[in-house]
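# only geometry, no sequence info:
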């Protein structure tokens, strides 16, 4: 079955550490996205990529980095520069305007 | 700037109809969506409507679009406990093909 897989489901980070969240899709979608979700707020776009080897900053890119070396994969690194990283992170892919979401990664700073 | 607004909570009795409302500011939005999120999960597309339509029905779901007022609503008929979730409204931002999201409406079902 086609879909998007995010891993891990839960992730704990110590202060000052970088962590990488995985996102893999087998839908053959060109576009992929990373969103951050905080309670009581809509989804906020971190980064997006419309084609392999190309990506653009979203609305809240500071403290995050991405790569898009393969069509299927769009990992997100939360760097130590991100001052408030505790949140639920959602990866999505799309063809035209049809979005498919992964099940999310909950990141907690300890 | 562009914005999508929704009420944060809606409480209805089981068996009643639920109506979740959304207003948006970008009049050029072509596609308007409703997504459902259950606790600890990703978002699931429920339905969408094109901007040249004013109504779409899909089983228990009815979407109404008032383009003049930039108002979108989702009606769930015969609301069940399984409908308990957060419902997100999203509209397309034509300038960069992204979606603009509302904050989500948490639907609470009373027995």
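Right, received. Where do you want to start? Please read these numbers as outputs of a predicted model, since none were measured by experiment.
# residues contacting residue B:50?
B:30, B:31 (Cβ atoms under 8 Å, 6 or more residues apart in numbering or on different chains). In this view, the C-beta of every residue, glycine as well, is placed from N, C-alpha and C.
# bridging residues for it?
Beta-bridge partners recorded for residue B:50 (DSSP bridges): residue B:31.
# can you check the pLDDT for it?
On the pLDDT scale, residue B:50 is placed at 92.
# give me the below-cutoff pLDDT ranges for the chain.
If you meant another chain, say so; for now it's chain A. Applying pLDDT under 70 to chain A flags the ranges A:1.
# hmm, I had chain B in mind actually
B:1.
# near chain A, which residues of it show up?
B:4, B:8, B:30-31, B:33, B:35, B:40-45, B:48, B:88, B:90, B:92, B:96-104 (Cβ under 8 Å from any Cβ of the partner chain).
# and the residues you listed, which are buried?
Neighbour counting over the residues of chain B next to chain A (16 or more other Cβ atoms under 10 Å in any protein chain shown) leaves B:4, B:31, B:33, B:35, B:41-43, B:48, B:88, B:90, B:92, B:98-104 as the buried ones.
# dead centre of chain A: give me the residue that sits there.
Chain A has residue A:34 as the residue nearest its centroid, 3.2 Å off, counting by Cα atoms, centre = their mean.
# for that one, give its distance to residue A:104.
Counting by Cβ to Cβ, to the nearest Å, the gap from residue A:34 to residue A:104 is 11 Å.
# mutual contacts of these two, please.
Common contacts of residue A:34 and residue A:104 (Cβ under 8 Å, 6+ apart): A:89, A:90, A:91.
# in helices only, show me those residues.
Among these, no residue falls in helices (DSSP state H).
# do a quick rundown of the helices in chain A.
Using DSSP H, chain A contains no helices.
# where exactly do the strands run in chain B?
Applying DSSP state E to chain B gives strands spanning B:4-6, B:9-13, B:18-24, B:31-37, B:43-50, B:55-58, B:61-66, B:71-76, B:85-93, B:98-101, B:105-110.
# list the buried residues in the last one.
If I follow you right, that is strand B:105-110. Using 16+ other Cβ under 10 Å as the test for burial, strand B:105-110 gives B:105, B:106, B:107, B:109.
# what's the answer for stretch A:58-77, then?
So for stretch A:58-77, counting by 16+ other Cβ under 10 Å, buried means A:58, A:61, A:64, A:65, A:66, A:68, A:71, A:72, A:74, A:75, A:76.
# please apply the same query to stretch B:55-63.
B:62, B:63.
# do stretch A:46-54 as well
Result for stretch A:46-54 [16+ other Cβ under 10 Å]: buried residues A:46, A:47, A:48, A:49.
# before we move on, back to that, which of the shared contacts of residue A:34 and residue A:104 fall in strands?
Per DSSP E, the subset of these in strands is A:89, A:90, A:91.
# make TSV out of the residues you listed and add neighbour count and distance to chain B.
Putting these into TSV (neighbours: other Cβ atoms under 10 Å in any protein chain shown; distance: Cβ to the nearest Cβ, whole Å) gives the following:
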residue	neighbour count	distance to chain B
A:89	22	10
A:90	25	6
A:91	27	8
